[in-house]
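Quick one, what's the 3D model for this:
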Amino acid sequence: MDAREAARLLKGVREAALAGARPPAPPRPEIAESWRRMMAGGVHPDRDARSRMLSAAETEERRHGSPLREILPVLREGLLPALDEALHIMVVADADGRLLWREGHSSILRKADRLGFAVGADWDEAVVGTNGVGTALVARRPVQVFSAEHFVSSHHDWTCAGAPVRDPRDGRLLGVVDVSGPLATMHPATLAWVSSVARLAERELRVRHLESLERLRAVAAPLLARLPGRALALDPNGWTAAVTGIVPAERIPLPKGFGPGRVWVPQLGDCTVEPLPGGWLLRIAEDRTGTAVTRVVLDLSRAGACSATVYGAAGSWAQELSPRHAELLFLLAEEERGRSAAELAAELFGDPTRTVTVRAEMSRVRRHLAGVLTHRPYRFAQDVEVELIRPQDPAALLPHSTAPSVIRARLGRKGAEGPSVDGWGM
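Numbers count the residues shown, from 1 in each chain. Model (predicted):
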């Protein structure tokens, strides 16, 4: 049957379901399950309910914290070329049902705006009823919702197909990619198309994970070669990058609150944990003499080649720093007590309200220097000795930085001879 005839039939099915009568045809099982949830939850079938929109700052913070941003190029390549012709739009939502990205045909975007289907909106099933985003999140499988299969009547002029995206590292549900459009644009192959692109996106995450394990392995292998006894390097999700003295396991479940120091790991026993770039070094049981990170050397002496070198019981490793991360670590090295997000924003941008950007960047820094930095306030970890190496010419300190604090440091240190070294212990 054509789209209009199907829509008429589904309206009859929905009306019968709402009235408790026998429908002219049974609803599809996933739709029937969703309708039962909506009626039990008190969602009004003819009232367009909407929750508070996220602000631009809140949306940007969620975007920065979501692994979905890593796979946007895959989603765009797989979906966008056909959307204009199909009069559809692509929407990417996080695991809470919040719409974080939206692209596609401009006329359809305007229609979506009137429906509240906009970036920052909440399309959780309990808020807006049966839909391709919220229902796919609840069902945890691909779902297509056509016309009156939407529980709320204001959505009946739309069709949508959503597929969940999971993180292959831990199986966590990251969100949903959805393709939506006006009723007349429905095609039975849309769901299979969206589902295939979602699987490609998950494969991209898996490839990136394997690449990160290889980077961790390159750092960990020389350290493990120097260690006696049993030890292993794990990524933040417990995936094994390298081992010495034990039979390798693909993944080690890590306990809650896992971090540097003495930690009991159920599969391994008592372990000493030290941070590595992109993961952790675990030394098992018999080695009880070592300590975690003891010293960090922040070398800003060469423009464009800033680095942080971390020293621990097993040896040392170095991490190259982006200009922004060099600025942040410089600010923390200058202030032993640490700095809040607002203080860092004021020192970096002259604007204490830009905390969203600061938190996103600090999250990235802490992933690279796990265990070296703490937060609330942001600071170097307790008992870590910090050494700051400045350039020979104070005016050459982070020369491209426009951060007010860096500019003041350049002016205030003029006349120093030779590389300047500051140090403090905590």
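
Name the next helix or strand downstream of the biggest helix by length in the chain, please.
The longest helix of the chain (DSSP state H) is helix 190-226. Going down the chain from helix 190-226, the next helix or strand is strand 231-234, by DSSP states H and E.

Next SSE downstream of that next one?
Next along the chain after strand 231-234, taking DSSP H and E as the criterion, comes strand 240-244.

need the next SSE after that following strand, C-terminal direction.
Once strand 240-244 ends, the next helix or strand along the chain (criterion: DSSP H and E) is strand 261-265.

Would you indicate which residues of the helix or strand just after that next one are buried?
Later in the chain than strand 261-265, the nearest helix or strand by DSSP H and E is strand 269-276. Under the neighbour-count criterion of 16 or more other CB atoms under 10 Å, strand 269-276 has Cys271, Thr272, Val273, Glu274, Pro275, Leu276 buried. C-betas here are computed from N, CA, C, even on glycine.

pLDDT (mean, whole number) over stretch 260-279?
What stretch 260-279 shows for mean pLDDT is 86.

export the buried residues of strand 269-276 to JSON lines and tack on distance to Ala221?
What follows is the buried residues of strand 269-276, written out as JSON lines (distance: CB to CB, whole Å):
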{"residue": "Cys271", "distance to Ala221": "19"}
{"residue": "Thr272", "distance to Ala221": "19"}
{"residue": "Val273", "distance to Ala221": "18"}
{"residue": "Glu274", "distance to Ala221": "15"}
{"residue": "Pro275", "distance to Ala221": "17"}
{"residue": "Leu276", "distance to Ala221": "11"}
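
Nearest to Ala241 among those residues?
Each of these was checked against Ala241 using CB to CB; the closest is Leu276, at 8.7 Å.

list the contacts for that closest one?
By CB atoms under 8 Å, 6 or more residues apart in numbering, the contact set of Leu276 is Leu216, Val219, Ala220, Leu223, Ala233, Trp317, Ala370.

Now for those residues: which two are most distant?
Maximum pairwise distance among the contacts of Leu276 (CB to CB): 14.8 Å, between Leu223 and Ala370.

follow-up on the earlier one: in the longest helix of the chain, which residues are buried?
For helix 190-226, burial by neighbour count (16+ other CB under 10 Å) applies to 190-191, 193-195, 197-198, 201-202, 204-205, 209, 212-213, 216-217, 219-220, 223-224.

That one vs strand 269-276, what angle?
Between helix 190-226 and strand 269-276, the angle comes out at 100 degrees (axes from the mean of the first three to the mean of the last three CA atoms, to 10 degrees).

Measure how far helix 190-226 is from the centre of its chain, please.
Using CA atoms, centre = their mean, to the nearest Å, the distance from the centre of helix 190-226 to the centre of the chain it belongs to is 14 Å.

Can you show me the strands along the stretch 51-200 of the chain?
Remark: strands assigned in the stretch 51-200 of the chain by DSSP state E, counting those that start in this stretch are 89-94, 99-104, 143-146, 158-166, 173-182.

Now do the same for the residue positioned nearest the centre of the chain: its pLDDT.
Centroid-nearest residue in the chain: Ser66, 2.5 Å away (criterion: CA atoms, centre = their mean). We have a pLDDT of 94 for Ser66.

Give the burial count for the closest residue to it other than its chain neighbours, as a bare number.
For Ser66, ignoring the flanking residues on the chain, the nearest one in space by CB to CB, 6 or more residues apart in numbering is Asp94 at 5.6 Å. By other CB atoms under 10 Å, 22 other residues sit near Asp94.

Distance check, Asp94 against Val177.
For Asp94, the distance to Val177 (CB to CB, to the nearest Å) stands at 11 Å.

wait, which of the strands of the stretch 51-200 of the chain is closest to Arg37?
strand 143-146 (12.9 Å).

That closest one: partners in the sheet, and parallel or antiparallel?
In the sheet, strand 143-146 lines up against strand 158-166 (antiparallel) (DSSP bridges).

How far away from the center of its chain is the strand it pairs with?
20 Å.
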